[in-house]
Every structure is written in C-alpha cells, then in structure tokens.
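3D, please:
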Amino acid sequence: MLKLGGYINIVIAIAHIVGLFWADKMFEITGIGKEMATLAQKHSTLPYLLTIIVAIVFFIFGLYGLSAANKFRKLPFLKPVIFLIAGIYLLRGIGELIADTIQGTNSIAETIYSLVAIIIGLLFLIGGLQKWRAENNILL
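Sure, this is the predicted structure:
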C-alpha cells in the first residue's frame, strides 16, 4: 500500500510539472483558474512557482511512501511523516466533502479529487499501520 501511495504521489508530481506546459488549461480543469489568475496579477510567475512547490511536496510524499515500503533509502522521521501524510490527505478529502456539502457547492470534479485524496490517505494510513504492526510483532 505504501509503495502504491508513493508511486501515485510521484505521478501526481510529474503531472503538475508537465501540466505547466498548458498551465491555463490545467488551472481551469482543476478548478483553480480564478485563484491563479488573481495570483498572476501580483506577479506573473507566482502560479508557476506555486505549482512547482506543490509538485515538490507531492514528490517528497512519494519518496516517503517508497522509503516506508523499503524501495528507497530510509528517510528521517519516517514513521511520523507517513502518518502525517495520511492525515493531510484524509483531512483534505473528508474536509472538502464536508465543506462542499455544507455550502451546497458539490461538483463532480471536486468530489472525485476528494475521493482520490481519501484513497491515498488510506493507502498511507493502512500501509503504515500494517508496516509498523508487523515490525512490532517481530520485536516481541
């Protein structure tokens, strides 16, 4: 599960970078076109810089998933970071679904993004629980 979560994050990071070639279209498809246009009014490079930073975060999440799955060298603070990543994804997914329901602004795209976030969060959460539960049983 951690390996799959890691690879999914790396694919998302790459998609962010590739999407910059069609940035306006990507921003519109993901529903952040207006926000990025406002950001571009402050400085034209800000939407691109923000997207690159987000891609780096996804890439780091991916490396942590692969590290926990023993596919990459052991990274620092591995256990708490895996559960932090799970929490971030679950909070984003569940929080967005709740907020959209309360506000009555549910869209199919946003619901799909939220469900994907929940799935990735569960991959990290369940994968982390399995990994460290198995390690603890070995130590006992």
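
Which parts of this protein are helices?
2-19, 23-29, 33-42, 46-68, 78-103, 108-139 (DSSP state H).

Could you tell me which other helices and strands the shortest one packs against?
The reference is to helix 23-29. helix 33-42, helix 46-68 (3 or more Cβ pairs under 8 Å, 6 or more residues apart in numbering; DSSP states H and E). Using the backbone N, CA and C atoms, a C-beta is placed for each residue, glycine as well.

Kindly tell me how buried Asn137 is, as a neighbour count.
Counted with other Cβ atoms under 10 Å, the neighbours of Asn137 add up to 8.

who touches the nearest residue to Lys131 once chain neighbours are set aside in this structure?
The shortest distance from Lys131 to any non-neighbouring residue, by Cβ to Cβ, 6 or more residues apart in numbering, is to Ala68 (6.0 Å). The contact partners of Ala68, by Cβ atoms under 8 Å, 6 or more residues apart in numbering, come to 2, 6, 78, 82, 127-128, 131.

And stretch 66-78, how far out from the chain middle?
Centroid separation for stretch 66-78 versus its chain: 17 Å, with Cα atoms, centre = their mean, to the nearest Å.

and it, which residues are buried?
Buried residues in stretch 66-78, counting neighbours by 16 or more other Cβ atoms under 10 Å, are found at 66-69.

Phe27: which of those is nearest?
Leu66 (28.7 Å; Cβ to Cβ).

Hmm, the closest one is touching Gly6, no?
Yes: here Leu66 reaches Gly6: they are 3.8 Å apart, a contact under Cβ atoms under 8 Å.

residues shared between the contacts of these two?
Phe72.

quick one: Gly104 from Glu110, how far?
Distance of Gly104 to Glu110, computed by Cβ to Cβ, to the nearest Å: 12 Å.

Switch the buried residues of stretch 66-78 over to CSV; also include pLDDT and distance to Ile118.
Formatted as CSV, the buried residues of stretch 66-78 follow (pLDDT from 0 to 100; distance: Cβ to Cβ, whole Å):
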residue, pLDDT, distance to Ile118
Leu66, 98, 21
Ser67, 97, 23
Ala68, 97, 19
Ala69, 96, 20
